[in-house]
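Undergrad: Got a sequence here, can you model it:
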Amino acid sequence: MDPSHCNHVMDRTVGAIDPRPRSDAWRAAAVPRGARTGNVVAYDVGTSGVKAAITDLTGRVVASRYVSYGLETQPGGQVVQDLDEIMAAIGSATRDLLSMGRVTGTDIVGVGVTGQMFNLVAADARGEPLLPMIHWLDLRTVAQAEALKRVIPPPDQFRIFGSIVTAKDLIPRIIWLRDERPDIWRRTVWLLDCKDAVIMRLTGAAATDYGTGAAFRLLDPGTRAWSAAACSLLDFPPERLPPIGPAPRVAGWLRPDTAGVLGLPKGTPVIVGGGDVLATQVGSGALGVGDAQLSVGTAAYWGITLAEPGMDPSGRVGALAHMDPERWILWLEIATAGGAMAWLVRILDGDGPPDHTAVDRLVRDAIGDETPIFAPWLTGERAPLFDDEVRGAFVGLQLRHGRGHLLRAVMEGVAFQIRWAFDYAVSFGQPVETVRAIGGGALSDVWLQIIADALERPVLMVANGHDAGARGAAENVLVALGVEPDFGFVARGARIIRTVWPDQAGLDRMALRYPAYRDLYEALRPLHADG
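TA: Next up, the predicted model:
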């Protein structure tokens with residue numbers, strides 16, 4: 001990798017892609033615009049399982065099913081998933097939905113897929129994985145990210161790729177595959193993220209969207225195609241990247257064998273869609289400029305809707321293209337959120353299902369000023385630290401501390417990191433109008449109150465937020481099929497069930513503890529600087 005090649009790469013960021021389609025030729029036109037008969041099935045392929053949902057042609061979820069699957073950790077920070085297990089879960093969830101009798105397979109007019117982002121599937125020509133999927137939590141590529149930094153310094157990375165590249169990005173994962181597994185690299189035909197790997201298994205077709213392409217950090221912002229210059233700089237054959245275009249378009253049609261497993265008609269159109277960040281932005285109704293989505297799952301992230309891609313004044317991250325071709329998303333991830341809570345509960349209580357009511361009761365009672373502070377950097381941290389090597393810690397432990405103090409410390413530590421990422425987002429210059437929250441079962445009323453106190457602003461809880469990803473994928477199908485002319489209709493489906501206002505006592509507590517939390521990074525960083 002010759003640093004002199006950097007001079008040949010365009011001096012624009014990946015975040016400046018224009019996602020607007022050049023014509024309406026990308027529409028499937030399979031359903032007449034305004035039609036209200038038929039249904040859509042959409043899949044949200046997450047870290048712990050798949051949510052399958054059936055919606056009507058207004059985007060309303062009429063039935064949903066969740067099927068879990070495993071996540072395998074291996075030495076050296078490796079985290080992988082089995083795509084076959086994911087596909088089996090999709091099949092099981094679909095058959096369960098259809099067995100309810102509300103909708104038959106012949107009622108389904110389109111299929112939508114969204115899923116976890118920043119994974120890597122090395123696939124053959126048929127879309128069959130040659131290795132287990134390298135998961136977004138995987139940290140095997142710290143050495144590759146550091147080597148890339150020495151060859152292409154961070155300011156040049158931002159100029160070339162639109163982002164500083166960390167071990168959790170796809171570029172170091174592709175480098176690892178090429179250099180450490182040359183046998184697999186030679187057989188690899190497609191480099192896919194999770195959502196696109198699922199679509200290829202369903203249809204046999206390789207396809208992706210502009211938002212996912214931007215996450216690869218290999219897009220030419222002027223041509224809206226994969227950047228031949230960036231790929232050449234990294235020695236990546238661009239033809240191994242899937243064909244790219246807008247999210248609301250047909251990727252392909254259900255293959256007969258896949259359709260039989262799902263119980264759906266062969267030839268049903270499967271829509272390209274976008275990753276979970278994009279889909280939940282739509283499903284949460286955060287389409288207005290300045291609307292923010294806060295998703296709290298295994299990780300947490302901010303998605304803030306922008307009219308233009310903007311520019312990071314710190315020269316670190318670029319915006320992603322929205323599924324709505326008129327909008328952009330400022331995406332900032334907090335690497336470990338609900339995952340930190342699940343980790344602690346597992347240590348304290350074993351492997352059984354967590355008792356969230358008991359957790360909330362313990363946290364409510366543990367509000368003393370001497371509660372320890374928790375740094376939730378269990379797998380490194382993204383925004384705003386962008387540090388793969390920093391690790392978590394409890395600070396200020398005393399003999400009198402019990403389970404409740406540790407649980408509260410985790411909730412507060414994640415809330416502080418959410419606030420820190422929000423402070424970073426504000427520097428982009430886009431005022432945030434509303435904060436809409438979605439999340440899994442761990443995002444309780446108590447935790448939501450702590451987050452509102454840390455942010456010093458109200459947080460709007462979206463009804464059925466656990467369905468937001470699948471709902472956004474289904475709503476994208478409706479646009480792709482021409483049922484709706486654009487994404488303006490989605491706000492009607494994102495009902496707000498309550499607004500959590502900051503509490504004065506909580507505000508006072510957070511104001512005292514947040515500066516101490518911010519100081520932890522500089523104190524802990526030297527302990528892990530050498531891995």
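Undergrad: going forward, measure contacts and count neighbours with C-alpha atoms only.
TA: Noted.
Undergrad: what about the strands in the stretch 401-531 of the chain?
TA: Applying DSSP state E, counting those that start in this stretch to the stretch 401-531 of the chain gives strands spanning 434-439, 459-462, 496-500.
Undergrad: Measure how far the second one is from the centre of its chain, please.
TA: Just to be clear, that refers to strand 459-462. Offset of strand 459-462 from its chain centre (Cα atoms, centre = their mean, to the nearest Å): 19 Å.
Undergrad: A helix includes Ala383, no?
TA: No - read with DSSP: H, G, I helix; E, B strand; the rest coil, Ala383 is coil and lies in no helix.
Undergrad: So it sits against Glu333, correct?
TA: Yes - Ala383 lies in contact with Glu333 (Cα atoms under 8 Å); the separation is 5.7 Å.
Undergrad: Name the residues contacting each of the two.
TA: The overlap between the contact sets of Ala383 and Glu333 (Cα atoms under 8 Å, 6 or more residues apart in numbering) consists of Ala421.
Undergrad: just for the stretch 101-250 of the chain, where's the confidence low?
TA: Along the stretch 101-250 of the chain, the parts satisfying pLDDT under 70 run over 221-222.
Undergrad: which residues in it form strands?
TA: Using DSSP E, counting those that start in this stretch, the strands found in the stretch 101-250 of the chain span residues 108-115, 121-123, 133-134, 190-192, 208-209, 219-220, 225-226, 244-245, 250-253.
Undergrad: sorry, back to before: save the strands of the stretch 401-531 of the chain as JSON lines, and put in mean pLDDT and mean neighbour count too.
TA: Output for those, formatted as JSON lines (pLDDT from 0 to 100; neighbours: other Cα atoms under 10 Å):
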{"stretch": "strand 434-439", "mean pLDDT": "92", "mean neighbour count": "23"}
{"stretch": "strand 459-462", "mean pLDDT": "96", "mean neighbour count": "24"}
{"stretch": "strand 496-500", "mean pLDDT": "94", "mean neighbour count": "14"}
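Undergrad: Which among the ones you listed is found nearest to Arg65?
TA: Arg65 lies closest, by Cα to Cα, to one member of those: strand 434-439, at 16.4 Å.
Undergrad: Sheet partners, orientation included, of the closest one?
TA: Paired strands of strand 434-439, with direction, are strand 291-296 (parallel), strand 459-462 (parallel) (DSSP bridges).
Undergrad: Could you dump these into a markdown table with distance to Arg471 added?
TA: As requested, the strands paired with strand 434-439 are exported to a markdown table (distance: least, Cα to Cα, whole Å):
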| stretch | distance to Arg471 |
| --- | --- |
| strand 291-296 | 14 |
| strand 459-462 | 12 |
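Undergrad: Tell me which of those lies nearest to Trp501.
TA: Closest among the strands paired with strand 434-439, using Cα to Cα: strand 459-462, at 6.7 Å.
Undergrad: List the neighbours of that closest one that are in contact with it.
TA: If you take Cα under 8 Å, 6+ apart as the criterion, strand 459-462 is touched by 284, 434-438, 448, 452, 494-501.
Undergrad: The same query, at a cut-off of 6 Å, please.
TA: Strand 459-462 is contacted from outside by Val435, Arg436, Ala437, Ile438, Ala452, Arg495, Ile496, Ile497, Arg498, Thr499, Val500, using Cα atoms under 6 Å, 6 or more residues apart in numbering.
Undergrad: Widest-spaced pair of the residues you listed?
TA: Comparing every pair within the contacts of strand 459-462 by Cα to Cα identifies Ala452 and Arg495 as the most remote, at 19.0 Å.
Undergrad: Compare those two (neighbour count), which wins?
TA: Ala452 (23 against 15; other Cα atoms under 10 Å).
Undergrad: just checking, the more buried one touches Gln504?
TA: No - with contact defined as Cα atoms under 6 Å, Ala452 and Gln504 do not form a contacting pair (10.9 Å).
Undergrad: can you list the domain ranges for the chain.
TA: Following automatic domain parsing, the chain resolves into domains at 35-274, 290-334+435-504, 338-422+508-528.
Undergrad: start to end distance for the last one?
TA: Think domain 338-422+508-528. End-to-end distance for domain 338-422+508-528: 23 Å, by Cα to Cα, to the nearest Å.
Undergrad: How far off centre is it?
TA: That offset, for domain 338-422+508-528, works out to 22 Å (Cα atoms, centre = their mean).
Undergrad: next one: stretch 302-317
TA: Relative to its parent chain, stretch 302-317 has a centroid offset of 16 Å by Cα atoms, centre = their mean.
Undergrad: same question for that stretch, mean pLDDT?
TA: Taken as a whole, stretch 302-317 has an average pLDDT of 90.
Undergrad: ok so, going back, nearest to Val272, of the contacts of strand 459-462?
TA: Closest approach between the contacts of strand 459-462 and Val272, by Cα to Cα: Ile438, at 23.3 Å.
Undergrad: Name whatever forms a beta bridge with that closest one.
TA: Per DSSP bridges, the residues bridged to Ile438 are Ser295.
Undergrad: In contact with it, which residues?
TA: Contacts for Ile438 were tallied using Cα under 6 Å, 6+ apart; they are Ser295, Val462, Gly465.
Undergrad: can you do 8 Å?
TA: Ser284, Gln293, Leu294, Ser295, Val296, Met461, Val462, Gly465, His466, Ala468.
Undergrad: Which one of those sits in the busiest neighbourhood?
TA: The most crowded member of the contacts of Ile438, judged by other Cα under 10 Å, is Ser284 (33 neighbours).
Undergrad: which phi and psi does it have?
TA: Backbone torsions of Ser284, given as degrees, to the nearest 10, read phi -90, psi -10.
Undergrad: I'd guessed it sits against Gly465; true?
TA: Yes - using Cα under 8 Å, Ser284 makes contact with Gly465 at a distance of 7.1 Å.
Undergrad: Now do the shared contacts for the two.
TA: Ala437, Ile438.
Undergrad: circling back: is it possible to export the strands of the stretch 401-531 of the chain to a markdown table including distance to Ala340?
TA: Output for these, formatted as a markdown table (distance: least, Cα to Cα, whole Å):
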| stretch | distance to Ala340 |
| --- | --- |
| strand 434-439 | 14 |
| strand 459-462 | 21 |
| strand 496-500 | 23 |
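Undergrad: one step back: tell me the one of the contacts of Ile438 nearest Met100?
TA: Nearest to Met100, judged by Cα to Cα, of the contacts of Ile438 is His466 at 20.3 Å.
Undergrad: Enumerate every residue touching that closest one.
TA: Ile438, Gly439, Gly440.
Undergrad: how about TSV for those residues, with distance to Met411 added?
TA: Shown next, in TSV, are these (distance: Cα to Cα, whole Å):
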residue	distance to Met411
Ile438	16
Gly439	14
Gly440	14
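Undergrad: ok, of those, which one's closest to Leu170?
TA: Nearest to Leu170 among the contacts of His466: Gly439, at 25.0 Å, using Cα to Cα.
Undergrad: closest to Leu71 among the contacts of His466?
TA: Gly440 (17.5 Å).
Undergrad: Please tell me how far that closest one sits from Ala463.
TA: According to Cα to Cα, Gly440 stands 12 Å off from Ala463.
Undergrad: still on that earlier bit, the strands paired with strand 434-439: which one's closest to Ser48?
TA: Smallest distance to Ser48 across the strands paired with strand 434-439 (Cα to Cα): 13.9 Å, for strand 291-296.
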